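*Asks:* coordinates only, no sequence provided:
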């Protein structure tokens, strides 16, 4: 695969990433939509935060950010997730797309591997309150550059949370994020929520 690509080509490639087969509601396993992932990744790429660098994907799920970072020329990509079932699909996606990435079955709080850039779509905390905080803490310990997705209405809290730890939200962008009927407690076919992507430095 060419290591130089346009955003639309990246998005087309990421559309091939398989979704969770049996998602866990407690882990809030929703795959990041390819359109949003491509936009986040390409923005990071344009800022010099991917190509030839070491990238870590915390809570990698089925590998969307890991594979996208590899497509954009990251020198090394490691994805970490606590879910064995998610990682089985990630490995299939890796094989299907020929991606040179490594996946690891480990709780993100036990990750010790530092990175130039971290990508993550942590749980929003809808089922497990404050579930995104361990992700934020670990990411800020491991990297000087973090891209993370959160509910838009928590943006002020996220900004303050980072500032208390000597970091800042250098950039944020709001997206419409579709959550499809996945679990038994979902009453609508699709729910659209506003999410904020933050770049923490």
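*Replies:* Structure received. Just so it is clear, the structure is predicted and the values come from calculations on it, not from any experiment.

*Asks:* who does the residue nearest the centre of the chain bridge with?
*Replies:* By CA atoms, centre = their mean, the chain has its centre lying nearest to residue 120, at 3.0 Å. For residue 120, the beta-bridge partners are residue 58, residue 148 (DSSP bridges).

*Asks:* thought it was touching residue 61?
*Replies:* No - between residue 120 and residue 61 there is no contact under CB atoms under 8 Å: 9.8 Å. (Glycine included, C-beta is placed from N, CA and C.)

*Asks:* show me where this protein has its strands.
*Replies:* With DSSP state E as the criterion, the chain has strands at 54-58, 76-81, 102-105, 117-120, 146-151, 169-180, 190-200.

*Asks:* could you dump these to JSON lines with mean pLDDT and distance to residue 131?
*Replies:* Formatted as JSON lines, the strands of the chain follow (pLDDT from 0 to 100; distance: least, CB to CB, whole Å):
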{"stretch": "strand 54-58", "mean pLDDT": "98", "distance to residue 131": "13"}
{"stretch": "strand 76-81", "mean pLDDT": "98", "distance to residue 131": "14"}
{"stretch": "strand 102-105", "mean pLDDT": "98", "distance to residue 131": "19"}
{"stretch": "strand 117-120", "mean pLDDT": "98", "distance to residue 131": "12"}
{"stretch": "strand 146-151", "mean pLDDT": "96", "distance to residue 131": "11"}
{"stretch": "strand 169-180", "mean pLDDT": "90", "distance to residue 131": "15"}
{"stretch": "strand 190-200", "mean pLDDT": "92", "distance to residue 131": "15"}
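
*Asks:* the ones you listed: which one's closest to residue 134?
*Replies:* strand 54-58 (9.6 Å; CB to CB).
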